[in-house]
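Peer 1: A predicted structure for the sequence below; I have some questions about it.
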Amino acid sequence: MSDTQIDFSAPAELRKWPSLNKERVSASLGARPYLIGEGATLDECIRQFMQLPEAQRHLYEIHTAPQSDLVGGTLSTDHIVELARLRDFLGK
């Protein structure tokens, strides 16, 4: 993993799933996550995500270009939290 690089300045989008009673509306019902903001980087999206109340984070995901096994095209809640920890550890 020492040679794995993550580009936190890569373009990314924070998206939110529609919800009903604080739960995601299923994709099988036609729901799709919608864009929260534009022109952001992966780092900015992670920061915005981490400022959200923990109880609401399951409704959000980050979309970015895949970079490696560590960063896929769609990042889920747990994955974003781990990337935030890694970013903080690396001092980015």
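Peer 2: Yep, it's here.

Peer 1: Now do the SS call for the residue positioned nearest the centre of the chain.
Peer 2: The chain has residue 62 as the residue nearest its centroid, 2.8 Å off, counting by CA atoms, centre = their mean. On the three-state scheme (DSSP: H, G, I helix; E, B strand; the rest coil), residue 62 is labelled strand.

Peer 1: State the distance from the closest residue in space to it that isn't next to it in sequence to residue 33.
Peer 2: The shortest distance from residue 62 to any non-neighbouring residue, by CB to CB, 6 or more residues apart in numbering, is to residue 75 (4.3 Å). C-betas here are computed from N, CA, C, even on glycine. Noted for residue 75: a distance of 12 Å to residue 33, by CB to CB, to the nearest Å.

Peer 1: returning to that earlier point: burial count for the residue nearest to residue 62?
Peer 2: 24 (other CB atoms under 10 Å).

Peer 1: What residues sit buried inside the biggest helix by length in the chain?
Peer 2: Using DSSP state H, we find that the single longest helix of the chain is helix 77-90. Within helix 77-90, the residues scored as buried using 16 or more other CB atoms under 10 Å are 77, 80-81, 83, 86-87.

Peer 1: Also stretch 15-31?
Peer 2: Buried residues in stretch 15-31, counted by 16+ other CB under 10 Å: 15, 17, 24.

Peer 1: ditto for stretch 35-49
Peer 2: Burial within stretch 35-49, assessed by neighbour count using 16+ other CB under 10 Å, is assigned to 40, 42-46, 49.

Peer 1: just stretch 58-68 next, same as before
Peer 2: Quick answer for stretch 58-68 (16+ other CB under 10 Å): 58-64, 67.
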